[in-house]
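In: the following block contains a protein sequence and its predicted model.
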Amino acid sequence: MDTEIFLQVDNYISALLASEDVALTNTIKSLDEQGLPQHSVSANQGKFLQVMMIACNAKKVLELGTLGGYSTIWLARALPDNGKLITIEVDKHHGDVAHKNIDNAGLSHKVDLRVGKALDILPKIVEENEEPFDMIFIDADKPPYTEYFNYALQLSRPGTLIICDNVIREGKVLDENSTDEKVKGVQRLNKMLSENKKVTATILQMVGAKEYDGIAIAVVNRI
Ligand code: SAH
Ligand code: DHB
Ligand code: MG
């Protein structure tokens, strides 16, 4: 199948509904300049995250995997004035690049960027006895996705949205014998979403500007 049409339609949608300003385009440029991978969400996926935030009236958001701060900027822009976003990044250099990009976007006052392993920082956030998050975006390394999801549940309330990026991986999730740790990680998560009674979940497959992939959306049930 000719996938050129998917790119053209993605561009059509983003031109209409997800145009990037200079803070966002400079963030994408900074990835190549600073040697970071081009693993940011697309513009349309950034807008999708904003729509989800407004839908759940999100004032408090948690993100795992900051990279250069591209998704962070989309998320923080959908927060109200008194809103807060905690974003966790393991790589100090990624954290430095993200810090500058978030600052350039004028969003530092809303963003609490924590550098360290998500599995070290998440228990601290649980201990801090923070108010539950309204939305949680999981986009760090793929092997521990189920562990991340269990922490996300601990930090949630009924109605919290938990969104997980890259759960289809060009369709490689279909391969039950895959030895790819990223694929195995998201397969475990997808299976868990099908079994976990605490959430109502679905997966949207996505085509367009990025690799063929998908995003899982789970809402914590109101019991
Ligand atoms: N959300 C970003 C993209 C994130 S790419 C965006 O859309 O703009 C994944 C990021 O997760 C990388 O920067 C990587 O360094 C980070 N990461 C990998 N393992 C991690 C871990 N154990 N804890 C926290 N972050 C991690
Ligand atoms: C990878 C990670 C991502 O978060 C993404 O959106 C695309 C690819 C990766 O590690 O391969
Ligand atoms: Mg991703």
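Out: Perfect, I can see it now. Numbering: from 1, shown residues only. Ligands and ions are numbered 1, 2, ... in the order given.
In: tell me which parts of this protein are close to ligand 1?
Out: Residues of the chain lying near ligand 1 by C-beta under 6 Å from any ligand atom: 39-41, 64-65, 67, 70-71, 88-91, 94, 117-118, 139-141. For every residue, glycine as well, the C-beta is placed using N, CA and C.
In: what residues does this protein have near ligand 2?
Out: Taking C-beta under 6 Å from any ligand atom as the measure of proximity, the chain contacts ligand 2 at 39, 139, 165-166, 182.
In: which stretches of this protein form helices?
Out: Using DSSP state H, the helices found in the chain span residues 4-17, 22-33, 43-55, 70-77, 92-104, 118-127, 145-154, 181-195.
In: so for residue 175, which of those helices sits nearest?
Out: Residue 175 lies closest, by C-beta to C-beta, to one member of the helices of the chain: helix 181-195, at 6.9 Å.
In: in this structure, which residue sits closest to ligand 3?
Out: For the chain and ligand 3, the shortest gap (C-beta to the ion) falls at residue 165, measuring 3.5 Å.
In: for the nearest residue in space to that residue that is not next to it in sequence, phi and psi?
Out: Leaving aside its sequence neighbours, residue 165 sits nearest to residue 139 (C-beta to C-beta, 6 or more residues apart in numbering; 4.2 Å). Taking degrees, to the nearest 10, you get phi -150, psi 30 for the backbone angles of residue 139.
In: hang on, residue 139 packs against residue 64?
Out: Yes. Residue 139 lies in contact with residue 64 (C-beta atoms under 8 Å); the separation is 6.2 Å.
In: re the thing from before, let me know the closest of the residues of the chain next to ligand 2 to residue 112.
Out: The closest of the residues of the chain next to ligand 2, once distances to residue 112 are taken by C-beta to C-beta, is residue 139, at 16.7 Å.
In: gap between that closest one and residue 163?
Out: Residue 139 is 9 Å from residue 163, where distance means C-beta to C-beta, to the nearest Å.
In: returning to that earlier point: buried subset of the residues of the chain next to ligand 1 as a ChimeraX selection?
Out: Of the residues of the chain next to ligand 1, the buried ones can be selected in ChimeraX as follows, counting by 16 or more other C-beta atoms under 10 Å:
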select :39,40,41,64,65,67,70,71,88,89,90,94,118,139,140,141
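In: thinking again about what came up before, winner for burial among the helices of the chain?
Out: Each of the helices of the chain was assessed for mean neighbour count using mean count of other C-beta atoms under 10 Å. The highest is helix 70-77, with a mean of 26.
In: next, see if that one gets close to ligand 3.
Out: No. On the criterion C-beta under 5 Å from the ion, helix 70-77 is out of touch with ligand 3, staying 7.9 Å away.
In: which parts of stretch 174-182 are buried?
Out: Neighbour-count burial for stretch 174-182, counted by 16+ other C-beta under 10 Å, picks out no residue.
In: what average pLDDT does it get?
Out: Averaging pLDDT along stretch 174-182 yields 98.
In: close to ligand 3: what parts of this protein are there?
Out: Proximity of the chain to ligand 3, by C-beta under 5 Å from the ion, involves residues 139, 165-166.
In: tell me who's in contact with the residue lying closest to residue 17 once chain neighbours are set aside.
Out: Spatial nearest neighbour of residue 17, chain neighbours left out: residue 47 (5.9 Å); criterion: C-beta to C-beta, 6+ apart. Going by C-beta atoms under 8 Å, 6 or more residues apart in numbering, residue 47 touches 14, 17-18, 74.
In: as a markdown table, the residues you listed with pLDDT would be great.
Out: Shown next, in a markdown table, are the contacts of residue 47 (pLDDT from 0 to 100):
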| residue | pLDDT |
| --- | --- |
| 14 | 98 |
| 17 | 98 |
| 18 | 98 |
| 74 | 99 |
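In: many thanks, have a good one.
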